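Trainee: pasted the sequence and its predicted model underneath.
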Amino acid sequence: MKIHDEKYAWMVKIGEKGQFVIPKEARELFDLQPGDEILVLGDKTRGIAILPKEKQTDVIKQIFHEISE
């Protein structure tokens, strides 16, 4: 669901095996296809982020830059 401008939020349920389905609207918005790899980041304070492959390099560089400061 669209929240504001380019901001979105979706509710998903976690199954018994810890799995969840990325909502169709999100898959279409980010062009996620079966077999695509995604990066899951976790921060105990801020939560979980899921990044499509094309965003991974930039985010990883930013994280390591912030850690080294």
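Mentor: That came through fine.

Trainee: all contacts plus neighbour counts: C-alpha atoms, from now on.
Mentor: Fine.

Trainee: closest to the centroid, which residue in the chain?
Mentor: Central residue of the chain (CA atoms, centre = their mean): I50, 1.6 Å from the mean position.

Trainee: name the nearest residue to that one, sequence neighbours excluded.
Mentor: Spatial nearest neighbour of I50, excluding adjacent residues (CA to CA, 6 or more residues apart in numbering): V40 at 4.6 Å.

Trainee: for that neighbour, helix, strand, or coil?
Mentor: Recorded secondary structure, V40: strand (DSSP: H, G, I helix; E, B strand; the rest coil).

Trainee: what's the burial count for it?
Mentor: By other CA atoms under 10 Å, 11 other residues sit near V40.

Trainee: what about the residue nearest to the centre of the chain, is that helix, strand or coil?
Mentor: Secondary structure state of I50, per three-state DSSP, is strand.

Trainee: so what's it up against?
Mentor: I38, L39, V40, L41 (CA atoms under 8 Å, 6 or more residues apart in numbering).
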